[in-house]
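Undergrad: pasting the sequence and the predicted coordinates here, then a few questions.
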Amino acid sequence: MSGIVQEKDYLQCLEALIRGTALSTANKATKNFAYMYQHELIRAGCIGENNVLLMDKLGEAFTSGRLDTKLLSNAMGNKDLT
């Protein structure tokens, strides 16, 4: 993985993952989750200048265990992400 993803795009993607097919539109809870997960990405060193998502750092964070898929999986209804 390489490149960057703009903040607006990855937050929108995170929110949509959590919303899934159960909800047709975003709500406060799904938006809050996206922001909460953004803080996890910051702690794992995946967010660069101007809050862009650094894809190479994201891959490293998942591989090294600094970023756990369980939080995301649980929020998605315990779907297996592997």
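TA: Yep, that arrived. Numbers count the residues shown, from 1 in each chain.
Undergrad: please compute how far the lengthiest helix in the chain lies from its chain's middle.
TA: Across the chain, the helix with the greatest residue count (assigned by DSSP state H) is helix 28-43. Helix 28-43 sits 7 Å away from the centroid of its parent chain (Cα atoms, centre = their mean, to the nearest Å).
Undergrad: average model confidence for that helix?
TA: Mean per-residue pLDDT for helix 28-43: 91.
Undergrad: packing partners for that helix?
TA: Applying 3 or more Cβ pairs under 8 Å, 6 or more residues apart in numbering; DSSP states H and E, one finds that helix 28-43 makes contact with helix 7-19, helix 69-75. To be clear about C-beta, it is placed using only N, CA and C from the backbone, and glycine gets the same treatment.
Undergrad: redo those as JSON lines? Include distance to residue 54 and mean neighbour count.
TA: Formatted as JSON lines, the helices and strands packed on helix 28-43 follow (distance: least, Cβ to Cβ, whole Å; neighbours: other Cβ atoms under 10 Å):
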{"stretch": "helix 7-19", "distance to residue 54": "11", "mean neighbour count": "17"}
{"stretch": "helix 69-75", "distance to residue 54": "18", "mean neighbour count": "14"}
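Undergrad: how about the ones you listed in CSV, adding distance to residue 50?
TA: Converted to CSV, the helices and strands packed on helix 28-43 look like this (distance: least, Cβ to Cβ, whole Å):
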stretch, distance to residue 50
helix 7-19, 7
helix 69-75, 23
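Undergrad: mean pLDDT lowest where, among these?
TA: helix 69-75 (a mean of 70).
Undergrad: who wins for proximity to residue 55 among the helices and strands packed on helix 28-43?
TA: helix 7-19 (9.8 Å; Cβ to Cβ).
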